[in-house]
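[1] Return atomic coordinates for the entry below.
(one chain, ligands or ions: 1)
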Amino acid sequence: MAMDPRALWTMSYGMYLVTARAGSRANGQIANAVFQVTAEPPRVAIAINKANFTHDLIRDGGWFAFSVLAETVPMEFIGLFGFKSGRDVDKLAQATVREGLHVPLVVDHAVAVTEARVLQAVDAGTHTVFIGEAGAAEVLSAGAPLTYAGYHARNGKAPKNAPTYRGETEPAAPAPAAASTWTCGVCGYTYDPAEGDPAHGIAPGTRFEDLPDDWVCPVCGAPKDAFLSD
Ligand code: FE
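    Okay, the predicted model is just below:
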């Protein structure tokens, strides 16, 4: 049997915001590889890229939390936590944070939060798999959780540090009839003039060239000049 990566792309995931703290440093990042390992006691596992700031905070702090993101979470929110580094921006300062047992919990757009103590850190190459025991968990809203497929359906991409990153072949949106799409050089979001950006007042049919100068990437917040014509 050959190795077809598309077989792995059919796998289902959720969308989570993982938070951690070590000393005075705290951060959060988007993760899709979060899952429950055992029910009794309740244990969970997460896969985090070793290059990520949050990785070191989990390793050094020994605890992590994750918020299950709601289906209604804005793309900008995912952009803030998924495509910017906590080394450059204080992401948590831009969110509603509640203090957990040991780490800050982000409650914006969250269906539920769980906080876990790290039991084991397994070296998996580019990523570390942290296995933790849930010390606290709470349902915050009755909304439906966002799935990874649902995120992709909204034109979302996996950043390079995601376990499920699909490489340069990733663009998931079907090619539009009009050729003049533009792609964000930071996160890979594609601006399609046929769709516009209605959430930010940009009507369908608006050419990229006609977007206001202060328009920014709806996913990661990068400025217009970070976009390249396709
Ligand atoms: Fe972007």
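[2] alpha carbons only for contacts and neighbour counts from here, please
    Noted.
[3] who's in contact with residue 78?
    Counting by CA atoms under 8 Å, 6 or more residues apart in numbering, residue 78 touches 30, 219-220.
[4] go with 10 Å
    Shown in contact with residue 78 (CA atoms under 10 Å, 6 or more residues apart in numbering): 15-17, 29-30, 69, 84, 151, 156, 218-220.
[5] cool, residue 101 as well?
    Neighbouring residues of residue 101 by CA under 10 Å, 6+ apart: 63, 65, 115-117, 135-136.
[6] let's go with 8 Å and repeat that
    With contact set as CA under 8 Å, 6+ apart, residue 101 has these partners: 115, 136.
[7] if I've got this straight, it is in a strand?
    No: counting by DSSP: H, G, I helix; E, B strand; the rest coil, residue 101 is not found in a strand; it is coil.
[8] measure it to the ion for me?
    Using CA to the ion, to the nearest Å, residue 101 is found at 34 Å from the ion.
[9] What segments of the chain are helices?
    Applying DSSP state H to the chain gives helices spanning 6-9, 53-61, 75-82, 148-153.
[10] Using PDB, list the CA coordinates for the third one.
    The one in question is helix 75-82. What follows is helix 75-82 as a C-alpha-only set of coordinates in PDB (Å, rounded to 0.1, in the frame of the first residue of the first chain):
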ATOM      1  CA  MET A  75     -12.100  33.600  12.400                       C
ATOM      2  CA  GLU A  76     -10.200  36.600  13.800                       C
ATOM      3  CA  PHE A  77     -10.200  34.900  17.200                       C
ATOM      4  CA  ILE A  78      -8.700  31.700  15.700                       C
ATOM      5  CA  GLY A  79      -6.300  34.000  13.800                       C
ATOM      6  CA  LEU A  80      -5.100  35.600  17.000                       C
ATOM      7  CA  PHE A  81      -4.400  32.400  18.800                       C
ATOM      8  CA  GLY A  82      -3.500  30.200  15.800                       C
END
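[11] Near the ion, which residues of this protein? Just list them.
    184, 186-187, 217, 220 (CA under 5 Å from the ion).
[12] Tell me which residue lies nearest the centroid of the protein.
    The C-alpha lying nearest the average C-alpha coordinate of the chain belongs to residue 30 (CA atoms, centre = their mean; 3.0 Å).
[13] thinking that one is in contact with residue 20, fair?
    No: using CA atoms under 8 Å, residue 30 makes no contact with residue 20, being 12.0 Å away.
[14] Can you list the low-confidence ranges for this structure?
    Applying pLDDT under 70 to the chain flags residues 155, 168-179.
[15] now do 80
    By pLDDT under 80, the weakly predicted segments of the chain are 154-157, 166-179.
[16] can you map out the strands along it?
    With strands called from DSSP state E, the chain shows them at 16-22, 25-31, 34-38, 43-49, 63-69, 97-99, 104-106, 110-123, 127-139, 182-184, 190-191, 227-229.
[17] how about CSV for those strands, with distance to residue 8 added?
    Below are those laid out as CSV (distance: least, CA to CA, whole Å):
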stretch, distance to residue 8
strand 16-22, 19
strand 25-31, 17
strand 34-38, 16
strand 43-49, 16
strand 63-69, 22
strand 97-99, 34
strand 104-106, 30
strand 110-123, 21
strand 127-139, 17
strand 182-184, 25
strand 190-191, 23
strand 227-229, 29
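[18] Quick check: which of those strands is buried the most?
    Among the strands of the chain, judged by mean count of other CA atoms under 10 Å, the one packed with the most neighbours on average is strand 63-69 (a mean of 28).
[19] So what touches that one?
    The contact list for strand 63-69 (CA under 8 Å, 6+ apart) reads 14-21, 58, 102-107, 109-118, 132, 145-146.
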